[in-house]
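Predicted coordinates and the sequence they were generated for:
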Amino acid sequence: MSKVLVSDSIDQVGIDILSQVAQVDVKIGLPPEELVRIIPEYDALMIRSGTRVTQEIIEAADNLKIIGRAGVGVDNVDIPAATRKGIVVVNSPEGNTIAAAEHALAMMLSMSRYIPDANQSVKSGKWDRKSFVGVEVYKKTLGIVGLGKIGSHFAAAAKAMGMKLLAYDPFISQERADQIGCRLVDLDLLVQESDYITLHIPKTKETYHLFNAEVFAKMKPTARLINCARGGVIDEAALADALRTGQIAGAALDVFENEPLEADSPLRELGSKIVLTPHLGASTEEAQVNVAIDVAEQIRDVLLGLPARSAVNIPGLYPDVLEKLKPYLQLAETLGNMVGQLAGGRIDFLDVRLQGELAGTKSQAVVVASLKGLLSQALRERVNYVNASIEAKERGIRVIETRDASLMDYTGSLHLEAKGSLGTHSVTGALLGDQEIRITSVDDFPINVPPTRYMLFTLHRDVPGIIGKIGSLLGSFNVNIASMQVGRKIVRGEAVMVLSLDDPLPEGILAEIIKVSGIRDAYTVTL
Ligand SMILES: NC(=O)C1=CN([C@@H]2O[C@H](COP(=O)(O)OP(=O)(O)OC[C@H]3O[C@@H](n4cnc5c(N)ncnc54)[C@H](O)[C@@H]3O)[C@@H](O)[C@H]2O)C=CC1
Ligand SMILES: O=C(O)C(=O)COP(=O)(O)O
């Protein structure tokens, strides 16, 4: 039975789903060295933002197939390391959108009306109404940085409260911004004109310390900043200075560069100018149920050999695409595996040509499947859809995709040509009746055979007697031939022979075959 480690607090509904297919161990707050020690036992890891899945943990994770992040941000997972190791990383892109947007709205309003401090004051026995005179958001300008799922939900609510909306998001179209009712502007203008700025961007190299001393210097002294996205997008020391010196009026933060926030962080010393919450954006009952179901189902599916619907490191391989292309992916893997074995040695170049109807489909999955097949001899079960492209790149295999819609001999066919240190070889294959694989050419010689576990290919001169000689030679080694076919371009010219064998070829027999007069070359393929 598979084993799943849950290392952050997850709603019970997720644990129940995982328990249908796996042994589930819930161990919250593990020190990193303990996680490195126990991770080899596990097939899946389910986390939130509390667990940092470092390269060291991933390298130790020899059985891990999937990391499930019950939430949006995957910046606490070393994605390149997981991809290299062939581990799929999934998240829940929408499960906590509403929770995070509502938290940001709550932060904006509590900051504006000093609710946390006023609450504290009343609870301490006072009745002070003078110290907590707030400001309204009505008719104020709101700058939204990152107009994605959370940013746009925030926008809708802010619009309903009568705010004027600006947005900065270099990846969003004017049309989308118009739909939401936001004026798309550059960051400088947004920073200078906004009374409130709310951040809804991921933490990336580009967004690291996007809000820094220089930016705070451009903001209005009455401006207030909300960050319920990611710590690290704000330079916290510069923010503390900007608040202390009155460069800006207030801030409300849910996320921090280091979590938990350091006990001596200057942010803790800013009184009513700042509202702080301990990363609570996704902490609603509803969101926790949503993300737990979303991610636990994906972990369950992957452990059962099914595709995940929100994999962040298998671009383009969405379940609906995979489902439609499944027979072609099988074909691509088989052909990749065959051409890899025919080419032998080091492969430098692979041409993936989609022909006929296949030329009209999205090719990324077909290319990945071809590479998976190509690398399967060298990497065995270590290669999968997650790491095939990266492994190929690291081996210096150049891949090109070509399309030829005019070739109509089958509904769709796939042609792979591999160039390597020992020469160039090609195979073509098609599907019969949408499911059954047929090899339709080898090195451009036309054939029509189904792939089988053990195969022998020869390149020979098409002269009488050769087939008989190979037959008797195999017989003398007690190898049974299941089927045989010859493909040739011209009579008595060059030809290929494809034999399907019931048994693997014993050591040494290939050298004997090559010695037969008229045989130019021979190759075995094991699928
Ligand atoms: N505080 C919390 O508990 C929660 C925090 N989050 C965080 O909120 C953030 C936003 O989440 P979603 O809206 O779901 O993501 P999303 O992917 O829907 O939206 C992010 C937006 O940021 C934009 N963006 C990317 N780089 C940018 C840049 N350099 N400058 C400006 N815009 C840029 C993207 O184009 C996209 O539209 C994420 O970092 C996520 O981790 C999400 C849920 C809960
Ligand atoms: O989903 C996200 O990106 C979040 O930041 C939520 O974090 P959490 O799952 O509450 O640790």
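Here it is on my side, so go on. In this text the structure is predicted, and so the values were computed from the model without any measurement. Ligands and ions are numbered 1, 2, ... in the order given.

Helix or strand with the lowest mean pLDDT in the chain?
The helix or strand of the chain with the poorest confidence is helix 319-343; it has a mean of 88 (mean pLDDT, DSSP states H and E).

what helices or strands is that helix leaning on?
Contacts defined by 3 or more CB pairs under 8 Å, 6 or more residues apart in numbering; DSSP states H and E place helix 319-343 against strand 347-356, helix 364-379, strand 412-420, strand 423-432, strand 436-442, strand 519-526. C-beta here means a position set from N, CA and C on the backbone, and glycine is covered the same way.

quick one: average pLDDT of the shortest one?
Averaging pLDDT along strand 436-442 gives 94.

what do you get for the last one?
Averaging pLDDT along strand 519-526 gives 92.

Any stretches of the stretch 301-450 of the chain with poor pLDDT?
Within the stretch 301-450 of the chain, the stretches with pLDDT under 70 are 315-319, 408-409.

which bits of it sit near ligand 2?
Applying CB under 6 Å from any ligand atom, we find that the stretch 301-450 of the chain lies next to ligand 2 at no residue.

which residues touch the closest residue to ligand 1 within the stretch 301-450 of the chain?
Ligand 1 sits closest to residue 312 of the stretch 301-450 of the chain, with a gap of 10.7 Å, by CB to the nearest ligand atom. Residue 312 makes contact with 74, 79, 89-91, according to CB atoms under 8 Å, 6 or more residues apart in numbering.

Go through those residues and name the one nearest ligand 1.
residue 74 (7.9 Å).

Tell me how many other residues surround the closest one.
Residue 74 has 20 neighbours, counted by other CB atoms under 10 Å.

repeat for residue 43
Neighbourhood size, residue 43 [other CB under 10 Å]: 20.

ok, and the closest non-adjacent residue to it?
In space, and not counting its chain neighbours, residue 43 is closest to residue 2: 4.2 Å by CB to CB, 6 or more residues apart in numbering.

where's the one you found relative to residue 382, distance?
18 Å (CB to CB, to the nearest Å).

Looking at those two now, which is surrounded by more residues?
Taking neighbours as other CB under 10 Å, residue 2 and residue 382 compare with residue 2 leading, 19 against 12.

Skip the chain neighbours and tell me the closest residue to the residue in the chain that ligand 1 sits nearest to.
In the chain, the residue found nearest to ligand 1 is residue 148; the distance is 1.8 Å by CB to the nearest ligand atom. Leaving aside its sequence neighbours, residue 148 sits nearest to residue 200 (CB to CB, 6+ apart; 6.1 Å).

right, and the one you found touches residue 143 too?
No - with contact defined as CB atoms under 8 Å, residue 200 does not count as touching residue 143 (11.0 Å).

May I have the beta-bridge partners of residue 417?
For residue 417, the beta-bridge partners under DSSP bridges are residue 351, residue 426.

What residues does it make contact with?
339, 350-351, 353, 424-426.

Name the residue of this structure that lies nearest to ligand 2.
Closest point on the chain to ligand 2, by CB to the nearest ligand atom, is residue 71, at 2.6 Å.

related to what we said a few turns ago, around the residue nearest to residue 148, how many other residues sit close by?
28.

Repeat that for the one 4 residues further on.
For residue 204, the neighbour count with other CB under 10 Å is 12.

Residue 116 in helix, strand or coil?
Three-state call for residue 116 (DSSP: H, G, I helix; E, B strand; the rest coil): helix.

quick one: it from residue 134, how far?
Here residue 116 is placed at a distance of 12 Å from residue 134 (CB to CB).

Now for residue 123, how many residues are close by?
Residue 123 has 8 nearby residues by other CB under 10 Å.

mind listing what it touches?
Taking CB under 8 Å, 6+ apart as the definition, residue 123 has no contacts.

now it: how far from residue 193?
The gap separating residue 123 from residue 193 is 38 Å, by CB to CB.

With residue 39 instead?
Distance, residue 39 to residue 193, using CB to CB: 49 Å.

With neighbour numbers in mind, choose between those two.
residue 39 (22 against 17).

Helices of the stretch 151-300 of the chain, start to end?
174-180, 187-193, 213-218, 236-244, 285-303 (DSSP state H, counting those that start in this stretch).

So which of the ones you listed has the densest surroundings on average?
Per-stretch averages of neighbours, counted by mean count of other CB atoms under 10 Å, single out helix 285-303 among those, with a mean of 22.

And the residue nearest to residue 148, how far from residue 91?
With the distance defined as CB to CB, residue 200 ends up 16 Å from residue 91.

cool, and residue 344?
Residue 344 sits 41 Å away from residue 91, going by CB to CB.

The two: which is more packed in?
More crowded of residue 344 and residue 91, by other CB under 10 Å: residue 91, with 23 against 15.

Once you drop chain neighbours, what's closest to that one?
Leaving out its chain neighbours, the residue that sits closest to residue 91 by CB to CB, 6+ apart is residue 69, at 4.3 Å.
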